[in-house]
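Chemist: Generate coordinates for the sequence data below:
(2 chains)
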Amino acid sequence: MTYSSSLSVNRQSYTKRNQNAVSFRSREKVLGPVSNTIILVVLACLLGLLYLTQVVKTQSYGNKVFALQQQQSQLQNQHQNLEVSSAQLQSLDRVQNSPVSKSLASVTPSTTINN
Amino acid sequence: MNMNNSNKSFNLKAIRNINLIFIFLMFIIGFFVIRLFYIQVIRYSYYKQSALNDQLVQSKIPATRGLIEAHDGNQIIPIVLNQELFTVYADPSLVKNVNNMADKLVGVLGGSKSKIVTLANTKNTRYVVLAKKISQSQSDKILGFHIPGLGTIGQDYRVYPQGDLVSQTLGFVGDNSKGSYGLEQSMNSQLSGKPGYLKAITDINGVPLAASKNNINISPVNGKNIVLTIDVAIQKQLQEIIQNAAQSEKSPLISAVIMDPNSGAIKAIANYPTYNPSDYSSVTNQNIFTNAAVSNSIEPGSTLKVFTASAALNQGVIKQNTTYYDPSHWLIDGFNITNIEEDGGSGIKSVEDVLNLSLNTGATWMLMQMGGGQINLKAREAWYNYMTNHFRFGKITGLDQGYESGGIVPKPDIPFQSGDQQNLAYANTSFGQGLSVSALQMDSALSSVINGGTYYKPYLVDGTTDSQGNIAYNKPTIVNRDVVNAGTTKSIIALMQQVVSKHYQSGFTYLNFPSNYIVGGKTGTAQVPDPKGGYTDNIFNGTYIGFVGGNKPQYAIAIFVTTPTVSGYAGSYGAQPIFGNIVHMLINESYVSPIGN
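Modeler: Below you'll find the predicted structure:
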């Protein structure tokens, strides 16, 4: 078998009738305008979604902060009320008028008698 | 053919209908476009503002007013606190069933249903206050009713757990959140702090949107907590002592000050009558609001002889043991200066006699010694210098109180009043008439005389506390280190001790103080100026200044009793018993360290 005959045999196995023996397929893949638009829209949506998740997340933290501030305020009020109650319970008037105080006997210190 | 024609006409009709629908839709769309253009472009500002009004919250965040604390032995206890109380309000236009609302409110608050009904039926208003100063739990119950148009607003109020304790010194805070009288007024800016500011876009629940970049949230700076020099136990007992005295002596006004003479710190300061600052609105006589010990100047009478003696001793024109011939009257500018009946008549008298017998002629004699033997310009100027620059009469002390009176001291070279004879006027000042001072001024001046000659500015604020409760104490302020010298202090302490001792021996048995304490004092009975001119003959004010201590005086005490009804001199029988009670209290309750400790 000559070299040319061997080529001919090889070609026969790949080519068919009415088919070009050589194809010029472009290797560079380019997206069309529709694809570009869709991708841009999808990206914009993703960015928007990202923004929304962050905003919602921030706001949920804001809500938590607000709730904690409310709770802090309530606790401060309770603390304030307890302080007031404590001070009122320990007031001199109340102690003076307590049954224990009233049952105490008045004693003049002996040192004041001797002059 | 007919078939084709009918199809054609059907198509034309359909096209026409479609066109009509299209035109109609375009008209609708056009309407919306125009409407949107109108809303979003032309009425942009209006709707933006309207939206902001719903979403934007702008408010001041109130600062918490500083607490006021005081000493209780070694402890610091609060005497003025804050408590959030609530105001109940209603919008009459929104309340549907007034009777039902009133029933529910009376169930929580008590009181009169008819009053609530009347208020809730008020016309032409959208805000009526139904109740004030209700508690948090009451507020919660009321809000739990969910009655449209009914609500509560919280507000901080001052609370006074010790009732009327030191009330005139504290003052009070009005509904406008501003301090009135006393410390609340004089220290309003420090106590009130600085309000914060909130500007935020909120969601439908009123929660600020965290992502809004224009939010402003400036935290408030709370007011400073202050600690007073006052000792509550001493203060409480002082108030009881002067209240009992005012009632038994029928005095319309008694003031007393107890001071640490070695620092100027005021341990107790009281007036009677007084009031409860939590119920200040019920006070009808506004004079009760003022701290009379600070704001009320009167002619002190013979207690001033202590200062005449101090000035003469310090100038070296007399000595503690100097004697002189007292004629029992001096004729000055044509007027006789005399003594009370128990002076023992004319004869040789000592400096001790001048204070013990309270000789007006003796005080006049001391003034004469400042002028080289007679009352003249030299004597007047020397005495004026001591009164105003050494003892600081005629000048306010600068205590943290509103409405302080500096009193009046006549000038040495200008007649005090038109027609006054200056030598006579000055002779009068030597025994405490013709000038006016406050109890605070007397106590501050006495402190400077008995502590070795240092005039401390009297003070009430011992320090400020931070959020951790740490106290930054204020240092005493020295105004003058050379009021008198140490020798004068020693002499005056001894002379005043002699006065107390002699009074005890003469029958004032309550002056029986233990010998391991030093107690000195001086009475004063002052004639009261008559509004028509001159002095009244039958009305007197009683005053007393004195000290108690161990190795050195530890408390300086000044007492002013206005026109007491007593059978005797106002000083000896009106003011002196109060001094006795105060000193017994201080000694018996171990506030004073005895000699040797």
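
Chemist: Quick check: buried residues in stretch B:273-283?
Modeler: Buried residues in stretch B:273-283, counted by 16 or more other CB atoms under 10 Å in any protein chain shown: B:273, B:274, B:275, B:277, B:278, B:280, B:283. (Glycine included, C-beta is placed from N, CA and C.)

Chemist: Between those, which sits nearest chain A?
Modeler: residue B:278 (11.1 Å; CB to the nearest CB).

Chemist: gap between that closest one and residue B:76?
Modeler: According to CB to CB, to the nearest Å, residue B:278 stands 21 Å off from residue B:76.

Chemist: Helix or strand: which one has whatever residue of chain A ends up closest to chain B?
Modeler: Nearest residue of chain A to chain B (CB to the nearest CB) works out as residue A:62 at 2.9 Å. Using DSSP states H and E, residue A:62 maps to helix A:33-89.

Chemist: How far away from the center of its chain is the helix or strand hosting residue B:268?
Modeler: According to DSSP H and E, residue B:268 maps onto strand B:266-272. Chain-centre distance of strand B:266-272: 11 Å, with CA atoms, centre = their mean, to the nearest Å.

Chemist: got it, and stretch B:458-468?
Modeler: Computed by CA atoms, centre = their mean, the chain-centroid distance of stretch B:458-468 equals 16 Å.

Chemist: residue contacts, residue B:288?
Modeler: Contacts for residue B:288 (CB atoms under 8 Å, 6 or more residues apart in numbering or on different chains) come out as B:168, B:273, B:274, B:275.

Chemist: in which helix or strand would I find the first one?
Modeler: Using DSSP H and E, residue B:168 sits within helix B:167-170.

Chemist: And the last one, by the same measure?
Modeler: Taking DSSP H and E as the criterion, residue B:275 maps to no regular element, lying outside all helices and strands.

Chemist: Please list all residues in contact with it.
Modeler: B:164, B:167, B:168, B:283, B:288, B:289.

Chemist: again, but for residue B:160
Modeler: B:79, B:80, B:167, B:170, B:276, B:277, B:278.

Chemist: Would you mind checking which of these is nearest to chain A?
Modeler: For these, the minimum distance to chain A (CB to the nearest CB) is 8.0 Å, reached by residue B:79.

Chemist: can you tell if the helix or strand hosting the closest one touches chain A?
Modeler: Using DSSP H and E, residue B:79 sits in strand B:75-90. Yes: using CB under 8 Å from any CB of the partner chain, strand B:75-90 reaches chain A at B:77, B:78, B:79, B:81, B:82, B:83, B:84.

Chemist: Give me the next element, helix or strand, following that strand.
Modeler: Using DSSP H and E, the helix or strand that follows strand B:75-90 in sequence is helix B:98-109.

Chemist: which other helices and strands contact the next helix or strand after that next one?
Modeler: Counting by DSSP H and E, the next helix or strand C-terminal to helix B:98-109 is helix B:113-120. In terms of contacts (3 or more CB pairs under 8 Å, 6 or more residues apart in numbering or on different chains; DSSP states H and E), helix B:113-120 is packed against helix B:98-109, strand B:128-134.

Chemist: Adding distance to residue B:347, mean pLDDT and mean neighbour count, write the ones you listed out as CSV.
Modeler: As requested, the helices and strands packed on helix B:113-120 are exported to CSV (distance: least, CB to CB, whole Å; pLDDT from 0 to 100; neighbours: other CB atoms under 10 Å in any protein chain shown):
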stretch, distance to residue B:347, mean pLDDT, mean neighbour count
helix B:98-109, 76, 93, 17
strand B:128-134, 68, 91, 16
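
Chemist: centroid residue for chain B?
Modeler: The centroid of chain B falls nearest to residue B:182 when counting by CA atoms, centre = their mean (1.7 Å).

Chemist: what about the nearest residue to it once chain neighbours are set aside, how many neighbours?
Modeler: Of all residues beyond its chain neighbours, the one nearest residue B:182 is residue B:171 (2.8 Å), with distances taken as CB to CB, 6 or more residues apart in numbering or on different chains. Residue B:171: 27 surrounding residues under other CB atoms under 10 Å in any protein chain shown.

Chemist: Report pLDDT for residue B:171.
Modeler: For residue B:171, the pLDDT comes out at 96.

Chemist: Backbone torsions only: list them for it.
Modeler: phi 80, psi -160 (degrees, to the nearest 10).

Chemist: quick one: contacts for it?
Modeler: Contact partners of residue B:171, counting by CB under 8 Å, 6+ apart, are B:179, B:180, B:181, B:182, B:183, B:184, B:185, B:186, B:277, B:289, B:402.

Chemist: does the fourth one really touch residue B:169, like I thought?
Modeler: Pointing back at residue B:182 there. Yes: with contact defined as CB atoms under 8 Å, residue B:182 reaches residue B:169; the gap is 5.2 Å.

Chemist: Name the residues contacting each of those two.
Modeler: Both residue B:182 and residue B:169 are contacted by B:291, B:401, under the criterion CB under 8 Å, 6+ apart.

Chemist: For the chain, which residues score under the pLDDT cut-off?
Modeler: Just so you know, I chose chain A. Across chain A, the ranges flagged by pLDDT under 70 are A:1-27, A:106-115.

Chemist: My question was about chain B, not that one.
Modeler: Scanning chain B for pLDDT under 70 picks out the ranges B:1-6, B:341-343, B:416-420.

Chemist: can you list the domain ranges for it.
Modeler: What automatic domain parsing lists as the domains of chain B is B:63-190, B:230-276+B:291-588.

Chemist: which strands and helices sit next to the helix or strand where residue B:441 lies?
Modeler: For residue B:441, the host element (DSSP H and E) is helix B:439-450. In this structure, helix B:439-450 packs against strand B:253-259, helix B:292-295, helix B:305-315, strand B:455-456, helix B:486-505, strand B:535-549, strand B:553-562, with contacts taken as 3+ CB pairs under 8 Å, 6+ apart.
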